[in-house]
Each structure stands twice: as structure tokens, then as C-alpha cells.
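Predicted model follows, preceded by the sequence.
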Amino acid sequence: MGNRVRRGRFRVDWRVPTYIYETTDLTKPIRNFEVKQSVHDDPLESDPETGEAARRIISAGYNLLIRGKSVGPCVGSVGSH
């Protein structure tokens, strides 16, 4: 069904995560890009569009606010309850 807005709700497919990558060639401006991949896929070694060397960025997690509730891990939430 994909991502759709339906009657005020946003449907998200959680089965395939989006990973953030950054290029690593220091002679060029560093760029970030996102790729949807299975958790079973190996990390990319290059940008699929340009071929530039790249690495996966480890992010701090996510936090969604839905109707007054917090869903998912949040930086600083461990041990604060």
C-alpha cells in the first residue's frame, strides 16, 4: 500500500528501514543521501547515483508523536522514567 495520507492518518511501511549514507571523498563536498534497504542487505560502499565512495551513518534513532503519545526510542529516554 505504500505511504499514503488517508483520513488524516499517515501510513508508514516499517518493514524496510531507510538508512542515511554520506560520501567520504574529502576532495569534494560531503553529501548525505537516504536509501531504503532490508536489514539483511550489506551496507553500500558507494552512492548508487554517482559512484562516489560512501559510508552508512549511525543515527540516534527516531521519535514519533501521535495524538499526544510518544512512540519509539528517543535520545535521553533510557533511564529517565
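Sure thing, it's come through.

who does the nearest residue to Thr50 once chain neighbours are set aside bridge with?
Nearest in space to Thr50, with sequence neighbours left out and distances taken as CB to CB, 6 or more residues apart in numbering, is Thr23 at 7.9 Å. Heads up, the C-betas are built off the backbone N, CA and C, glycines and all. Applying DSSP bridges to Thr23 gives these bridge partners: Ala54.

start the count at 56, not 1, going forward
New numbering, starting at 56: the last item is Thr78.

isn't Thr78 right up against Glu100?
No: applying CB atoms under 8 Å, one finds Thr78 not in contact with Glu100, separated by 11.3 Å.

Counting neighbours, go ahead and name the busier of the two.
Set Thr78 next to Glu100 and count neighbours by other CB atoms under 10 Å: Thr78 wins out with 18 against 11.

Do you know the pLDDT at the more buried one?
With respect to pLDDT, Thr78 scores 95.

In contact with it, which residues?
Residues near Thr78 by CB atoms under 8 Å, 6 or more residues apart in numbering: Ile85, Arg86, Asp102, Thr105, Glu107, Ala108, Ala109.

Need the buried ones from these selected in PyMOL.
The buried residues among these can be selected in PyMOL (16 or more other CB atoms under 10 Å) with this line:
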select buried, resi 102+109
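
if you look at the contacts of Thr78, which of them are in strands?
Ala109 (DSSP state E).

and of the contacts of Thr78, the nearest to Ser93?
Nearest to Ser93 out of the contacts of Thr78 is Ala109 (CB to CB; 17.8 Å).

For the closest one, list the residues it contacts.
Tyr76, Glu77, Thr78, Thr79, Phe88, Leu99, Glu100, Ser101, Asp102.

same deal with Glu77?
Applying CB under 8 Å, 6+ apart, we find Glu77 in contact with Ile85, Arg86, Asn87, Phe88, Ala109, Arg110, Ile112.
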